[in-house]
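1. Sequence unavailable; structure follows:
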């Protein structure tokens, strides 16, 4: 076609000659078409007769097979050439393709035909030399080569990875002997292992406890006939077992169905109609079916019950997919489902059955949770359960991504933040103290923005302010356990200044803006709360607005460096690891306050020798939160005082976040005071070590209370915050302070060090008298009670009686309804009972005089002689009337002690039982506002009852005490005093089975690590009691039982985060001689609690050969290392 079709006729004649000249170079004048046709005809004449012969016979001959093979070979070769030619052809110009005629691949050249004929001849010669497959019987003439060589690969061998079984020769060995070998010394056994094992397995009969037999007995269709001999019909007299008649099924022909939307014709039965509606069978029908199955088989099998429960779960979740507790219950049910032998569990005989069953269960749980999240995409509880399962299935990086995404989607959920923080600080591979502290700051700053309303996308949830305080306290304890006591103290200092000394000009701002104004005060170098001369943030702001002030230089006359004058190394002959432990614990006890430059001495920040003692604003600023409620502010102050060691009446939250604080062995090992069984039952034992008391497990305390600087610091805190508190709050703080002094005196009394007891007694009495001189404390009976008890502990009985009598004369007119008065009389009576001879004194008992005067009221007069019987009768009547409306522990304790002195132990125990029954009725009837108070009163009554029964154990059977303790521990499993009473009572028996069953029941449903710790401690006590037996029989069953208790405890969620549990486990194994296993448990503990410095100190004590490895780990994780090993060498040189 021409480029310009309109002028094609014009250009046709003129361009014909030119086109011929242009394409003249394409013509091949040496090629003759006649020769090519002749060669092509010759080839066709050769191939045509052979094809005709094949078509006539219909059987492929040997020549045909050869030619087919040759054609395949030439076809493959021709395809390769065509590919090459096509590749070249694409490189030519487009005009050349258009001008060419025909396809290049269809052209056959003569030279190719000649070459192909030569190749065919050579291949025929080669094939003729190799031969071909043919049956030997078909040979008409003998040949010199009756075989052939097959070089064609068998594709089946590549596909099945083995030879065909028919091509492998088989043989059977006759006999087991071997020629040339001595059968006595060189015998060879030719035994088929698989066959012998199979025969042996066939011969072995399975026992009744095997998995297959249990599955057979638990099948639904198998009924077990039970009954006594002679009962029922005589089966020998009949030829068949009588079968009961079948009941008519529901929805049969006799009971026609009513037409409905899903059953318009009325032909479906009830079960089909329910299935069409997406519902399961009705509950009555299910119960009827189960009941008929039980009656027909004599008892429902476990497999049928499991199947029924699975069906019930499926029905409930299908009908109500938004039921989150049911989804979680169904997830937990999978463990029970796969535990026993059933069709839902794995098969028996698998080597890795346990691992496979665990993985199968985890995957099934994950699938259930994912299905639940499809129906409830906004449920945080389901997402947390999914992440908890992900710890076993996902790698750490993927798990961390899931956590971050979840926190990003729900930044206003405080419980989610707490779980995320526990996860972050428990990751050994990524843990550093600075990183975790930064995550705490980010958490608190985010929740503060939510609380202020700055984060508009997510509203604040109820209880956010309380949860922020709990997270703040968790951060402080994390820093304390990591050894960074300076940062923890600085956090409390900043938070107290930020809360109690806030200027009025910034109170209406958001938290972030208030923190920005707080930063200049923190960096100004002004004294902070607890330091001498501290005036607070508010006063500093006012002075800055006026122009600032200059603090006058006051020389410090106290010898603060007295402790540094002597050498820190007590004995240079000790090994280096022991010197390191001693000096590290000493510095931990004495240097836990943040370092501040002393301006009177001209010091600056550059003069600090240890940079970790300095706390910058970046470490504390992000953690500042607003506390608007007065009760939360007072709770912050009480938490700080408890952090310092004061026995403040405040409970830690339960769960894993509380178990991580348990690190004080005194919770378990401090014995009950045999001389004071009644009056010392309320001593404070929390199990959380105060600041400055970090050391190895079980090491004795270096001091009672805090160091000298610590005591001054705590007193300064109380004095500085005293004017900012209300009268009731000041009374509580005074009570906590006197109780703290009483605990220090008690420890001195137990140590039997008279010199320390006298010095401590003088200081404690001085503090108590100063507090009682305060105007609001002069009529406070609680303070008078503690002061009198303090005098009694010091041995000043007459002075103690004067103090208590004075207190009774002040408040006896208040009546039985006053709680403080009842508590005072109860303590006074208990002290007299412990000091006297009990009920044998009769009416001449001073205890009876105190209790009757309490019941009568009026004015109080000290005990002078006999108590009249009329007064006793009136007092009993008064107590009975008061108890009907008042069940407080003080009043009930006084009445029970009165009944014990006048009637007996049974009457006293009955008083406690009646009071507890009334409190339990109030617990069920009233609302949740008073449940906490009722529970605390029930717990106090349980402790008082058990203490009284223990005191009079010789006058009543011990079973009464054991029943009271088991009942109390079932309700209050976290009470340490009840546990000590229970273990001391059970140790008097040799029947350990009852105690083990009870402990197993409590530990299985425990929500904290306290029951498991006491169960293990009880086993240790019994284990140590039989030391002589252990010397002869080291592998006793008790040892393995204690180890099993440890393993089951650390496998739980709250046990895996408990430092005290892991440290006890390591010590137990090392003391038993299993040093290698104990070191392995240490590395397991690092995977769960890698931030606990005490764990590394225990490792240095128990595995001293690897001390440098442990110190390197501490430096890697940024734990507080106060004494590097290089400094130990310097101290030894000095």
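-> Received the coordinates, thanks. Quick caveat: nothing in here was measured; it's all calculated off a predicted structure. Residues are numbered from 1 along each chain as shown.
2. Now do the closest residue in space to residue 806 that isn't next to it in sequence against residue 859, distance only.
-> In space, and not counting its chain neighbours, residue 806 is closest to residue 784: 7.1 Å by C-beta to C-beta, 6 or more residues apart in numbering. Backbone N, C-alpha and C define where each C-beta goes, glycine included. From residue 784 across to residue 859, the span is 17 Å (C-beta to C-beta, to the nearest Å).
3. Which of those two has more residues huddled nearby?
-> Set side by side, residue 784 and residue 859 show more neighbours around residue 784, with 24 against 10, by other C-beta atoms under 10 Å.
4. Can you tell me what sits against the helix or strand the more buried one falls within?
-> Per DSSP states H and E: residue 784 is located in helix 781-793. Residues outside helix 781-793 that contact it (C-beta atoms under 8 Å, 6 or more residues apart in numbering): 679, 731, 734-735, 738-739, 741-742, 745-746, 749, 761, 764-765, 768-769, 771-772, 777, 797, 799-801, 803-804, 806-807, 810-811, 818, 820-821, 823-824, 827-828, 831.
5. Among those, which ones are in helices?
-> Taking DSSP state H, the ones among the contacts of helix 781-793 that sit in helices are 731, 734-735, 738-739, 741-742, 745-746, 749, 761, 764-765, 768-769, 771-772, 797, 799-801, 803-804, 806-807, 810-811, 820-821, 823-824, 827-828, 831.
6. Pull out the buried residues from these.
-> 731, 734-735, 738-739, 741-742, 745-746, 749, 761, 764-765, 768, 771-772, 800-801, 803-804, 807, 810-811, 820-821, 823-824, 827-828, 831 (16 or more other C-beta atoms under 10 Å).
7. quick one: low-confidence parts of the stretch 651-800 of the chain?
-> Counting by pLDDT under 70, the ranges of the stretch 651-800 of the chain that qualify are 651-657, 681-685, 701-703.
8. Please name the residues that touch the closest residue in space to residue 484 that isn't next to it in sequence.
-> Ranked by C-beta to C-beta, 6+ apart and with sequence neighbours excluded, the top spatial neighbour of residue 484 is residue 1120, at 5.0 Å. The neighbours of residue 1120, taking C-beta under 8 Å, 6+ apart as the test, are 482-485, 612, 1093.
9. and the two most separated of those residues?
-> Across the contacts of residue 1120, the longest distance by C-beta to C-beta is 12.7 Å; it joins 612 and 1093.
10. So between those two, which is more surrounded?
-> residue 1093 (22 against 16).
11. The more buried one touches residue 1114, doesn't it?
-> Yes - Residue 1093 lies in contact with residue 1114 (C-beta atoms under 8 Å); the separation is 7.1 Å.
12. ok, so what distance separates residue 377 from residue 409?
-> 10 Å.
13. neighbour count winner among the two?
-> residue 409 (13 against 9).
14. Quick check: the gap between the more buried one and residue 397.
-> Distance from residue 409 to residue 397, by C-beta to C-beta: 19 Å.
15. Also residue 767?
-> 55 Å.
16. between these two, which one's more packed in?
-> Neighbours were tallied for residue 767 and for residue 397 using other C-beta under 10 Å; the higher tally belongs to residue 767 (18 against 10).
17. which one is that one nearest to, not counting chain neighbours?
-> residue 741 (5.4 Å).
18. for that neighbour, what are its contacts?
-> 763-764, 767-768, 790.
19. before we move on, what about residue 961?
-> 946, 949-950, 953, 981, 985.
20. give me the element it is part of.
-> Going by DSSP H and E, residue 961 is part of helix 958-971.
21. quick one: that helix to chain centroid distance?
-> Relative to its chain's centre, helix 958-971 lies at 31 Å (C-alpha atoms, centre = their mean, to the nearest Å).
22. List the buried residues in that helix.
-> Those would be 961-962, 964-966, 968-969, for helix 958-971 by 16+ other C-beta under 10 Å.
23. Same question for stretch 939-958.
-> 939-953, 956.
24. ok, now stretch 905-919?
-> Buried residues in stretch 905-919 (16+ other C-beta under 10 Å): 905, 907-909, 911-912, 914-916, 918-919.
25. and what of stretch 665-680?
-> 665, 667-668, 673, 676-680.
26. Residues in contact with it: which ones?
-> Counting by C-beta under 8 Å, 6+ apart, 685-687, 697-698, 746, 750, 789, 792, 827, 830-831, 833-834, 947-948, 950-951, 976, 980-981, 984, 1013-1014, 1017, 1060, 1064 sit against stretch 665-680.
27. Just the buried subset of these, written out for PyMOL, thanks.
-> If you want just the buried ones from those in PyMOL, going by 16+ other C-beta under 10 Å, the selection is:
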select buried, resi 685+686+687+697+746+789+792+827+830+831+833+834+947+948+950+951+976+980+981+984+1013+1014+1017+1060+1064
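28. Mind checking which of the contacts of stretch 665-680 land in helices?
-> Going by DSSP H, the helices hold 746, 750, 789, 792, 827, 830-831, 833-834, 947-948, 950-951, 976, 980-981, 984, 1013-1014, 1017, 1060, 1064 from the contacts of stretch 665-680.
29. So which elements touch the helix or strand containing residue 873?
-> According to DSSP H and E, residue 873 maps onto helix 869-885. Judged by 3 or more C-beta pairs under 8 Å, 6 or more residues apart in numbering; DSSP states H and E, helix 869-885 is in contact with helix 846-856, helix 889-902, helix 905-925.
30. ok, 7 Å please
-> helix 846-856, helix 889-902 (3 or more C-beta pairs under 7 Å, 6 or more residues apart in numbering; DSSP states H and E).
31. Dump the buried residues of helix 958-971 into JSON lines; add pLDDT and distance to residue 266 as well.
-> Shown next, in JSON lines, are the buried residues of helix 958-971 (pLDDT from 0 to 100; distance: C-beta to C-beta, whole Å):
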{"residue": "961", "pLDDT": "90", "distance to residue 266": "70"}
{"residue": "962", "pLDDT": "90", "distance to residue 266": "66"}
{"residue": "964", "pLDDT": "93", "distance to residue 266": "65"}
{"residue": "965", "pLDDT": "93", "distance to residue 266": "65"}
{"residue": "966", "pLDDT": "93", "distance to residue 266": "61"}
{"residue": "968", "pLDDT": "94", "distance to residue 266": "62"}
{"residue": "969", "pLDDT": "93", "distance to residue 266": "61"}
